[in-house]
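[1] structure of the sequence below:
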Amino acid sequence: MSFADLLTVVRRYLYLPDPSPLEVVLGTVVGNRIDGDPVWLLLVGPPSSGKTELLAGLSALSDVYPVSTFTEAGLLSGGTSHRPGATGGLLAEMGTFGIIVCKDFTSLLSEAPQTRSGLVAALREIYDGCWIRRLGADGGRTLVWAGKCGLLAAVTETIERHSAVIGAMGERFVWLRMPELDDEGRLAQARASAANVGRQAEMRADLAQAIAGFLAEVTVPPVTALSADEREALVLLADLATRCRSVVERDPRDREIELIPQPEAASRMLAALTQLVSGLLAIGIERAEIGRLVLKVALDGMPKARRMIVEHLLGMPVGMAPRSSAIADILGLPTSATTRALEELAAHGVVERNASGNVHCWSAPAWLTERWTALGLPTRGRFAPPSSEESS
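    Residues are numbered from 1 along each chain as shown. Below is the predicted model of the structure:
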């Protein structure tokens, strides 16, 4: 079965005019099977956008382990002696390799802070390949898991409100945002969903069978040897994307900046993107399409407001530096949220602030313009004519 054949089956049930989500999900699965660091993918989109059904389609794969929620005991447990049939937790069942698929990562974000912090710490160590869990009951026990664990999860855009949680994990995820639909696309998606009413079980079984059949014919290759130009492009992209998404810590009461950590290093994203490229090549995606997908995955991890602002400023004429309120008006964002995003970008040198009295104006620095242009990235190119007090 070719990828085109698989896409035909998927589109029989799901409205998927842009195949990017299917391509990246399958590329992530194969990328995790290739020797190297794991790839952790967050599929981000509104409810009922199809992300859950895509991940459910992986259920027939022998190395995939679906979960509904995360708990430390559910991941690694010492209770096998007390409960017949207990596996010792998901990681013990998985062994040295497996791919966790979570259809609702939002549930982890909604946990109480203390519970959530323990899970985040556990996931951070699991990504790195070894987790030691110490239990105090029954005289104390030490549980150890070591191996490679991939992870794919679906989450709503509420994750943008939890940047501190993701930052605490050391930004181990890459993101793919579900394509935005216009009015006609929303109606077409609703019609596709209506056609599946009453036969959802049949749909899910067909999708799982088709995906399993397709991946069974994919040979797991070694990591792809990239050309010097391709490798340098990935380095530039990963450096740009990590700098643009780097965390700035704020006081939860007055939202003032408290700490500006050093920008996230590019190495972890670079490794994930390299694994993803190898996975996409293995499933038969053309290199030109792979280039588009890798750019999207890298930049989709930027908070949406930051991404809109960067693209807008890069589309402005040279020498034009609008105020926060002007940027907010053009992009349709609240002025307060726009100002915070601009401050955070400026904290990591992604935008420049030009102060004139109490008025702050903003522009893209030369390095960002050069990098964005070199990578062939789009700009919004929308701006309002400046007034004398709105530009520097």
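
[2] touching, residue 222 and residue 35? I think so.
    Yes. Using Cβ atoms under 8 Å, residue 222 makes contact with residue 35 at a distance of 6.8 Å. For the C-beta atoms, the positions are set from N, CA and C on the backbone; glycine is no exception.

[3] what is the rounded mean pLDDT of the longest strand belonging to the chain?
    As assigned by DSSP state E, the longest strand anywhere in the chain is strand 148-155. Throughout strand 148-155, pLDDT has a mean value of 96.

[4] ditto for stretch 89-106
    The model assigns stretch 89-106 a mean pLDDT of 92.

[5] which helices and strands does the longest strand of the chain pack with?
    Using 3 or more Cβ pairs under 8 Å, 6 or more residues apart in numbering; DSSP states H and E, the elements in contact with strand 148-155 are helix 20-33, strand 40-44, helix 51-56, strand 97-102, helix 113-127.

[6] now the last one: buried residues?
    In this case it means helix 113-127. Of all the residues in helix 113-127, those buried under the rule 16 or more other Cβ atoms under 10 Å are 116, 119, 120, 122, 123, 126, 127.

[7] which outside residues touch it?
    Here helix 113-127 makes contact (Cβ atoms under 8 Å, 6 or more residues apart in numbering) with 38, 40, 70-72, 75, 91, 108-109, 111, 131-133, 145, 149, 151, 165, 168-170, 172.

[8] and residue 146, what are its bridge partners?
    The partner list for residue 146 in beta bridges (DSSP bridges) reads residue 130.

[9] neighbours of the closest residue to residue 142 other than its chain neighbours, how many?
    Leaving out its chain neighbours, the residue that sits closest to residue 142 by Cβ to Cβ, 6 or more residues apart in numbering is residue 134, at 5.4 Å. Applying other Cβ atoms under 10 Å, we find 10 residues neighbouring residue 134.

[10] go on, residue 17?
    Residue 17 sits with 11 neighbouring residues when counted by other Cβ under 10 Å.

[11] let me see the contact set for it.
    179, 185, 188.

[12] over to residue 152?
    Neighbouring residues of residue 152 by Cβ under 8 Å, 6+ apart: 25, 28, 29, 40, 41, 43, 55, 58, 99, 100, 101, 102.

[13] make it 7 Å
    By Cβ atoms under 7 Å, 6 or more residues apart in numbering, the residues touching residue 152 are 25, 28, 41, 43, 55, 99, 101.

[14] next one: residue 7
    Residue 7 is in contact with 19, 22, counting by Cβ under 7 Å, 6+ apart.

[15] from residue 19, how far off is it?
    For residue 7, the distance to residue 19 (Cβ to Cβ, to the nearest Å) stands at 6 Å.

[16] cool, thanks, signing off.
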